[in-house]
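J.: how would this look folded up:
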Amino acid sequence: MDPDAPDFTERRLRGEVIHDGGFIRLEKDAVALPDGAEASRYVVRHCGAVAIAALTPAGGIVLVRQYRYPVGRHMLEIPAGKLEAGEEPLACAQRELLEETGYGAASWEWICDSHSSVGFTDEKLGIFVARDAERRQEPAPDASEFVQPIELAFDEAVAKVASGEITESKTQLILMWLARERAAG
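T.: Model (predicted):
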């Protein structure tokens, strides 16, 4: 960041919890703006999560198909899940990949942390690549989770981003990152 850039920090004056739903909490805060005015900010506090691009030895990528109620349709996404209390991101990524898809991997690499939507949530998503991913067991998703693992050729998955079929941001981010990595050799 530029040390000479203006400081637009907003300072919390007071706040209240509107809803506490376990892994998310909705807060309404009053903040002082840089010019001294007061404004309201609604913030969804999130426990954190991980997402996994599982690449197979044959050059495929493992996605999951699931219905996403907020957008009202089935989505193709990379596997992902919430961190449990005290859980390390890599352990969570390994657990979620196995639970949702039945796949495990020989090699794991942390790629980046991503804030999913900074306008209203503090959710931080750790993004991992699992290389040499292979089916190890039957999927065992959570009781309220209905997911279908799908292995696609990597180029087919990238084409689904370009065509607008894959619109979910964490999946777009990692597919484009991996496509750039492949193009660079």
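J.: torsion angles phi and psi at the residue found closest to residue 116 once you drop the neighbours it is linked to in the chain?
T.: Nearest non-adjacent residue to residue 116, counting by CB to CB, 6 or more residues apart in numbering: residue 123, 4.7 Å away. No exception for glycine: its C-beta is placed from N, CA and C like everyone else's. Main-chain torsions, residue 123, degrees, to the nearest 10: phi -50, psi 130.
J.: quick one: residue 123 and residue 113 touch, right?
T.: No: counting by CB atoms under 8 Å, residue 123 does not reach residue 113; the two are 10.5 Å apart.
J.: of these two, who's got more company?
T.: Set residue 123 next to residue 113 and count neighbours by other CB atoms under 10 Å: residue 123 wins out with 19 against 12.
J.: tell me the pLDDT at the more buried one?
T.: Note on residue 123: pLDDT of 95.
J.: quick check, pLDDT for residue 185.
T.: 80.
J.: and it, how many neighbours does it have?
T.: 4.
J.: and if you look at residue 72?
T.: 7.
J.: now it: how far from residue 81?
T.: Taking CB to CB, to the nearest Å as the measure, residue 72 falls 22 Å from residue 81.
J.: strands along the protein, start to end?
T.: Ranges of strands within the chain are 11-20, 24-32, 38-46, 49-55, 60-68, 73-77, 80-82, 103-104, 107-115, 124-131, 134-135, 147-153, based on DSSP state E.
J.: give the partner strands of the second one in its sheet and their orientations.
T.: Right, strand 24-32. When pairing is defined by DSSP bridges, strand 24-32 lines up against strand 11-20 (antiparallel), strand 38-46 (antiparallel).
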